[in-house]
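Asks: Sequence plus predicted model, see below.
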Amino acid sequence: MSQELERVYTIPLGKVKLSQSQHRAVRAINMIREFAQHHMKVETIKIDEELAHDIWARGVRNPPRKVRVRMSKTDEGYILVTKYDEDAESKVTPEKETKKVSDKVEEPSKEEPANEAPKKEEPANEAPKKD
């Protein structure tokens, strides 16, 4: 499944606290849907099960204040809203950066400088044994 368009957003859910305590998690899910429709300009929104579990994890009365999500537009024409994983992003970027940096860096020479002589080991001073 290839994504045509992918964006990362932090959705503020602070206004959830204005609703009745029995409806807060439901309102949070609806707010995520409305946010996705507004920013991605598509009517069909699907919320990943893992994200829904995170919203409902602390119960219906206490959803999180904000959520970091990744919104992907799929080939089928709907928006898939999933939880954002920083680990997945950070693993991808260092590989690309190291390839670019390694091309430009020269390897240091392995020869020793002529000024320094190799160090000699000094014999250890041992106390004479008494018989």
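Replies: Structure's in. What do you need?

Asks: Using CSV, write out the CA atom coordinates for stretch 52-72.
Replies: Below are the C-alpha coordinates for stretch 52-72, written out as CSV (Å, rounded to 0.1, in the frame of the first residue of the first chain):
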residue,chain,number,x,y,z
ALA,A,52,-8.3,4.6,19.5
HIS,A,53,-6.9,2.4,22.3
ASP,A,54,-4.6,5.3,23.3
ILE,A,55,-7.6,7.7,23.5
TRP,A,56,-9.7,5.2,25.5
ALA,A,57,-6.8,3.9,27.7
ARG,A,58,-7.6,6.1,30.7
GLY,A,59,-11.3,5.7,30.3
VAL,A,60,-14.1,7.7,28.8
ARG,A,61,-13.7,10.6,31.3
ASN,A,62,-10.0,11.3,30.9
PRO,A,63,-8.7,11.3,27.3
PRO,A,64,-5.3,12.9,26.6
ARG,A,65,-4.9,16.6,26.1
LYS,A,66,-3.1,16.3,22.8
VAL,A,67,-2.2,13.5,20.4
ARG,A,68,0.6,13.2,17.9
VAL,A,69,-0.6,11.5,14.7
ARG,A,70,0.5,10.6,11.2
MET,A,71,-2.1,11.1,8.5
SER,A,72,-1.6,9.2,5.2
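
Asks: Flag every buried residue along that stretch.
Replies: 52, 55, 60, 63-64, 67, 69-72 (16 or more other CB atoms under 10 Å). Glycine gets a C-beta too; all of them are placed from N, C-alpha and C.

Asks: do the same with stretch 35-53
Replies: Neighbour-count burial for stretch 35-53 flags 35-36, 40, 45, 47, 51-52 (criterion: 16+ other CB under 10 Å).

Asks: And it, end to end?
Replies: Stretch 35-53 has an end-to-end distance of 18 Å (CA to CA, to the nearest Å).

Asks: avg pLDDT for that stretch?
Replies: What stretch 35-53 shows for mean pLDDT is 96.

Asks: One more: stretch 79-97?
Replies: Stretch 79-97 shows a mean pLDDT of 73.

Asks: so where do the strands sit in the chain?
Replies: 5-12, 45-47, 66-73, 79-83 (DSSP state E).

Asks: Give the full set of residues in contact with the residue nearest to residue 84 when sequence neighbours are not counted.
Replies: Leaving aside its sequence neighbours, residue 84 sits nearest to residue 68 (CB to CB, 6 or more residues apart in numbering; 4.3 Å). Going by CB atoms under 8 Å, 6 or more residues apart in numbering, residue 68 touches 8-11, 83-84.
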